[in-house]
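Q: Return a 3D structure for these sequence lines:
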Amino acid sequence: MYATQSATSELMDAFERQRRVMFAVILRNIRTRFFGHGLGYLIALAWPLAHTLMIITLFVFNSRMAPVGESTLLFIATGAVPFQAQAYLSTFMMTSVLQNRTLFSLPEVKVMDVMLASIVLEVLSSCVVVLILLIIGWSLGENLTPRDIEQAAYAYAAAILLGIGVGFFNGTLALAVPMWSLVYALLRILLWFASGTIFLPDNLPEPYRTMQSYNPIAQSIEWMRFAYYDGVGVGFLDRAYVMEFAIGAIFMSLLVERMTRGHLLALR
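A: Residues are numbered from 1 along each chain as shown. Purely as a prediction, here's the structure:
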């Protein structure tokens, strides 16, 4: 019994240590993200909104109609929200590791602590952005309520899980190859236009449609649109593939991080 109590006490102490470290890293990320001041973090919330509104403006300016439904704002939003949920998670989990790598010299701070802190911060930020987007839509008279709220929640959660999986991979790789952060930033721009945020992958001709079906980002976007538009994604959407890819990426990234932890930290 004494051994059990001792093990429980050690486990609780470990959780408390990790909680304190994660909270400190979250505060540090908020203060250093922009301009070295906490208020600069508001730009991090405005950035994805600006991207979405810019694409909507371009659609309206060019008199382009949404390929499905009657609302351009709703169509772009259903593509932008899942894309940005995974893109910002996968990006800032990586940049957080690079920006905080000097902290790894402290015995209390681990790479995993920094990544987990980034996950918490980015998920909360993403939820705030979605809320602001909903308020903007409602103020413009747009009905942004999905026809299937449950599927919309699942699609959003899947996009977050996908972002975590890719973020673990990016964070681990960036420790070994810092240049990867720049490569991924450029790749993210390409993925924004190529993953279905402004078009329906299901409408592509073969073989491009089949090629897109292997893109988990396109699948997560199609999943979200399935929750809004009746008949969208039929024959294209594969929910299991998105989940399997995300969980597989998390598992493999954690395995690689654990196997190379000593070597990566030696490179800092």
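Q: in the protein, which ranges drop under the pLDDT threshold?
A: 1-11, 13-14, 33-41, 44, 59-60, 62-64, 260-268 (pLDDT under 70).
Q: quick one, helices of it?
A: Remark: helices assigned in the chain by DSSP state H are 2-32, 42-61, 72-99, 111-139, 149-176, 180-194, 208-213, 216-226, 239-266.
Q: The shortest one: which residues count as buried?
A: Going back to what we said before, that points to helix 208-213. Within helix 208-213, the residues scored as buried using 16 or more other Cβ atoms under 10 Å are 212-213. Heads up, the C-betas are built off the backbone N, CA and C, glycines and all.
Q: And the last one, by the same measure?
A: Judged by neighbour count (16+ other Cβ under 10 Å), helix 239-266 contains these buried residues: 239, 242-243, 245-246, 249-250, 253-254, 256-257, 264.
Q: Now the two most distant members of the residues you listed.
A: Farthest pair in the buried residues of helix 239-266 (Cβ to Cβ) is Arg239 and Leu264. Separation: 33.8 Å.
Q: list the contacts for the most centrally placed residue in the chain?
A: Against the mean C-alpha coordinate of the chain, by Cα atoms, centre = their mean, the closest residue is Gln86 at 2.2 Å. When the contact criterion is Cβ atoms under 8 Å, 6 or more residues apart in numbering, the partners of Gln86 are 159-160, 162-163, 166, 217, 220.
Q: Val130 too?
A: 81, 156.
Q: distance of it from Ala77?
A: 9 Å (Cβ to Cβ, to the nearest Å).
Q: Can you give me the separation between the residue nearest to the centre of the chain and Gln18?
A: Distance from Gln86 to Gln18, by Cβ to Cβ: 25 Å.
Q: ditto for Ile26
A: 12 Å.
Q: what do those two both touch?
A: By Cβ under 8 Å, 6+ apart, no residue touches both Ile26 and Gln18.
Q: Isn't Gly163 up against Ser90?
A: Yes. Between Gly163 and Ser90 there is a contact under Cβ atoms under 8 Å: 4.8 Å.
Q: So for the two, which sits in the more crowded spot?
A: The residue with more neighbours, out of Gly163 and Ser90, is Gly163; 31 against 24, by other Cβ atoms under 10 Å.
Q: ok, that one - contacts?
A: 85-90, 93, 122.
Q: Redo those residues as a markdown table? Include distance to Asp202.
A: Formatted as a markdown table, those follow (distance: Cβ to Cβ, whole Å):
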| residue | distance to Asp202 |
| --- | --- |
| Ala85 | 21 |
| Gln86 | 20 |
| Ala87 | 21 |
| Tyr88 | 25 |
| Leu89 | 25 |
| Ser90 | 24 |
| Met93 | 30 |
| Glu122 | 29 |
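Q: Among the residues you listed, name the buried ones.
A: Using 16+ other Cβ under 10 Å, the buried ones in these are 85-90, 93, 122.
Q: From those, pick the one nearest Ala50.
A: When the buried ones among the contacts of Gly163 are compared against Ala50 (criterion: Cβ to Cβ), the nearest one is Tyr88, at 13.0 Å.
Q: so how far is Gly248 from the closest residue to the closest one other than its chain neighbours?
A: Using Cβ to Cβ, 6 or more residues apart in numbering and skipping the chain neighbours, the partner closest in space to Tyr88 is Glu122 (5.7 Å). Distance, Glu122 to Gly248, using Cβ to Cβ: 21 Å.
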